[in-house]
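Engineer: What follows is a protein structure lacking sequence information:
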C-alpha cells in the first residue's frame, strides 16, 4: 500500500507542477518521506532520515521537506516538534492535497499539516498514473475495522471503506489501455471489500475479481493483504474456476497458538486457518501460500511458539514476512505484561525464519526445469543487462531478454535458484501480443 501511495504522490506532483523524480537528494526541490508506523524501527528511521536532509534545507531554504503516511497521521505534532524544519505533514488520505499544502507553505511561510480522513475523496482527485510496467497496483479499499490488539492501522488509516465498483473498473480499464496486463488489488483487509454497484447493491471481492478477469486485456489478477476472517467460500471458489487468478495466496496468520491469537483479537483459531488452506488447496493443489508472523507477542510461551512452528510444518508456507512484536502507542497490546527476554524472542525469530527459508528453497528447487508463465516487470535490479519477471506463484525470476518485452507475458525456463530469486532463460514467444 505504501508503494502504491508513493506512486500516487509522484503522479500528483507531476500533474500539478511538472515535478519529476530525481535520484539525487541534493538536486531536489521537494523531498518527501512516505512513512509506515507498523513497527517501531520504521518510525524512528523517519527522524534519522529527516536529520540527514536537514543540511540540504540549511543550504537551500526554499527546499520543501514533507512527511506523509501513517507516522505522519499518528505523530504529526511530534514530527514538527522534533524536526521544526519540516514544511508539510500529510496523512495517507490527504496525499492528493499535497500541491495545495506546498503552495500554502510557500505563500505563508508556515508549516502546513493535514492528517484528516476525507474518506473516498482521495481516489476521485488522483490524476491518471504513469505506467511503466505490465503490472500495476489498484487500491480498492482503505482502512481496517478489525482492531487487532497489536495494530495501529485503524487509527492511522481509519475504518474500512470500499471504493465503488464502477470507479475501480474505470481505473483498471484505463490501465489496460496503457498496456497493463496484471493488476494487484490492494487494501489493508482487501477481502473485506464491499463496494457499491450502479444499482445500489453491495458486491464483494469475488464479484470484483470475476469482473476484472472478464476483461480481454487482463491476463492475471492478484490481491493483498487478506484477513482469514474474510476468506469467504465465494472467494475460495475462484481458485477452482478463475484461471486468471494468480496461483498465490498471501494470508497472514500471525501465530499458531490459539491463546496468542485470542490475545491478538484475530477472530479465528489455528484449526480454522488450516481449514481455509485445505479448501483452497483442494481447488489449487500447487498454490503458493505465504503469510505474516509476529514473534514475541506479550506473554508468548515456548509452547505458544512451538504451536506456530507446528502450524508452519502442517501448512508448508512458501515464504513469510516475520517480525518481532513491536509495541505501538495507543494499542491494547502495548499495555500487556511482557516478561519474555529479547534474546529469547530473537532466537525464536531466527528458528522461524530458518525453517521458512528451507521451505521456500525447496519450492524453488522443484521449479528448476519447469517452464513458467512470467510477466516482465522491468529491468533486473541485479543486472541492468537482464530483465526481471514474476511467476504465477509470485517468484521473481531474472533472465536475459530484449527490453521490448517489458509489460508482456513470456515463457521462461527456470534454470537455477539464487537467494530469494530464480534464474531462467526465454523459452518461447510472448504469451500476449499487444
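Structural biologist: Nice, I can see it. These figures come from a predicted structure and were not determined experimentally. Numbers count the residues shown, from 1 in each chain.
Engineer: which secondary structure element contains the residue nearest to residue 82 when sequence neighbours are not counted?
Structural biologist: Nearest residue to residue 82 in three dimensions, chain neighbours excluded: residue 47, at 5.9 Å (CB to CB, 6 or more residues apart in numbering). Every C-beta, even on glycine, is put in place using the N, C-alpha and C of the backbone. Here residue 47 sits within helix 40-59, counting by DSSP states H and E.
Engineer: mind listing what's buried in that helix?
Structural biologist: Across helix 40-59, burial judged by 16 or more other CB atoms under 10 Å covers 42, 43, 46, 47, 50, 53, 56, 57.
Engineer: what number of residues lie near residue 214?
Structural biologist: For residue 214, the count of nearby residues is 10 (other CB atoms under 10 Å).
Engineer: re earlier: which among the buried residues of helix 40-59 gets closest to residue 154?
Structural biologist: Taking CB to CB as the measure, residue 154 lies nearest residue 43 of the buried residues of helix 40-59, at 16.9 Å.
Engineer: For the stretch 1-150 of the chain, just list every one of the strands.
Structural biologist: Ranges of strands in the stretch 1-150 of the chain, per DSSP state E, counting those that start in this stretch, are 30-35, 64-69, 88-90, 112-114, 135-139, 141-142.
Engineer: Listing partners with orientation, what would you give for the fourth one?
Structural biologist: What that stands for is strand 112-114. According to DSSP bridges, strand 112-114 forms sheet pairs with strand 88-90 (parallel).
Engineer: Is it possible to get TSV of the strands of the stretch 1-150 of the chain that adds mean neighbour count and distance to residue 282?
Structural biologist: Converted to TSV, the strands of the stretch 1-150 of the chain look like this (neighbours: other CB atoms under 10 Å; distance: least, CB to CB, whole Å):
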stretch	mean neighbour count	distance to residue 282
strand 30-35	21	40
strand 64-69	24	39
strand 88-90	25	46
strand 112-114	21	48
strand 135-139	21	29
strand 141-142	24	28
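Engineer: out of these, nearest to residue 229?
Structural biologist: In terms of CB to CB, the element of the strands of the stretch 1-150 of the chain nearest to residue 229 is strand 141-142, at 15.0 Å.
Engineer: So which other helices or strands are in contact with the helix holding residue 47?
Structural biologist: Applying 3 or more CB pairs under 8 Å, 6 or more residues apart in numbering; DSSP states H and E, one finds that helix 40-59 contacts strand 30-35, strand 64-69, helix 70-82.
Engineer: Need the ones you listed in CSV (columns: mean pLDDT and distance to residue 146).
Structural biologist: Output for these, formatted as CSV (pLDDT from 0 to 100; distance: least, CB to CB, whole Å):
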stretch, mean pLDDT, distance to residue 146
strand 30-35, 94, 22
strand 64-69, 94, 20
helix 70-82, 86, 16
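Engineer: buried residues in stretch 343-352?
Structural biologist: 345, 348, 349, 352.
Engineer: I'd like to know which of those are part of helices.
Structural biologist: Among the buried residues of stretch 343-352, the residues falling in helices (DSSP state H) are 345, 348, 349, 352.
Engineer: just checking, the first one touches residue 326?
Structural biologist: No - in this structure residue 345 lies outside contact range of residue 326 using CB atoms under 8 Å: 10.8 Å.
Engineer: The strands of the stretch 1-150 of the chain into JSON lines, with extra columns for distance to residue 306?
Structural biologist: JSON lines is the format used below for these (distance: least, CB to CB, whole Å):
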{"stretch": "strand 30-35", "distance to residue 306": "35"}
{"stretch": "strand 64-69", "distance to residue 306": "36"}
{"stretch": "strand 88-90", "distance to residue 306": "44"}
{"stretch": "strand 112-114", "distance to residue 306": "47"}
{"stretch": "strand 135-139", "distance to residue 306": "37"}
{"stretch": "strand 141-142", "distance to residue 306": "36"}
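Engineer: Need the three-state assignment for residue 217.
Structural biologist: coil (DSSP: H, G, I helix; E, B strand; the rest coil).
Engineer: what's the answer for residue 425, then?
Structural biologist: Per three-state DSSP, residue 425 ends up strand.
Engineer: and residue 290, helix, strand or coil?
Structural biologist: On the basis of three-state DSSP, residue 290 is classed as strand.
Engineer: Neighbours of it, how many?
Structural biologist: When counting by other CB under 10 Å, one arrives at 19 neighbours for residue 290.
Engineer: cool, and residue 123?
Structural biologist: 18.
Engineer: Look up how far residue 417 lies from it.
Structural biologist: Note on residue 123: its distance to residue 417, by CB to CB, to the nearest Å, is 40 Å.
Engineer: Next secondary structure after the helix or strand containing residue 173?
Structural biologist: Taking DSSP H and E as the criterion, residue 173 maps to helix 165-177. Where DSSP H and E defines the elements, the next helix or strand beyond helix 165-177 is strand 182-186.
Engineer: Show the subsequent helix or strand relative to that next one.
Structural biologist: Toward the C-terminus from strand 182-186 - assigned by DSSP H and E - lies strand 194-196.
Engineer: What pairs with that following strand, parallel or antiparallel?
Structural biologist: strand 202-204 (antiparallel).
Engineer: pLDDT on the strand it pairs with, on average?
Structural biologist: Averaging pLDDT along strand 202-204 gives 97.
Engineer: Over to stretch 98-115?
Structural biologist: Rounded mean pLDDT across stretch 98-115 is 94.
Engineer: Just the residues contacting that stretch, thanks.
Structural biologist: Contact with stretch 98-115 is made by 9, 12-13, 16-17, 30, 32, 64, 66, 68, 72-73, 76, 80, 84, 86-91, 94, 97, as judged by CB atoms under 8 Å, 6 or more residues apart in numbering.
Engineer: 7 Å - rerun?
Structural biologist: Outside stretch 98-115, the residues that touch it by CB atoms under 7 Å, 6 or more residues apart in numbering are 9, 12-13, 16-17, 64, 72-73, 76, 80, 86-91, 94, 97.
Engineer: list the buried ones in it?
Structural biologist: Within stretch 98-115, the residues that count as buried by 16+ other CB under 10 Å are 98, 101, 102, 104, 105, 111, 112, 113, 114, 115.
Engineer: That's all I had, so thanks and see you.
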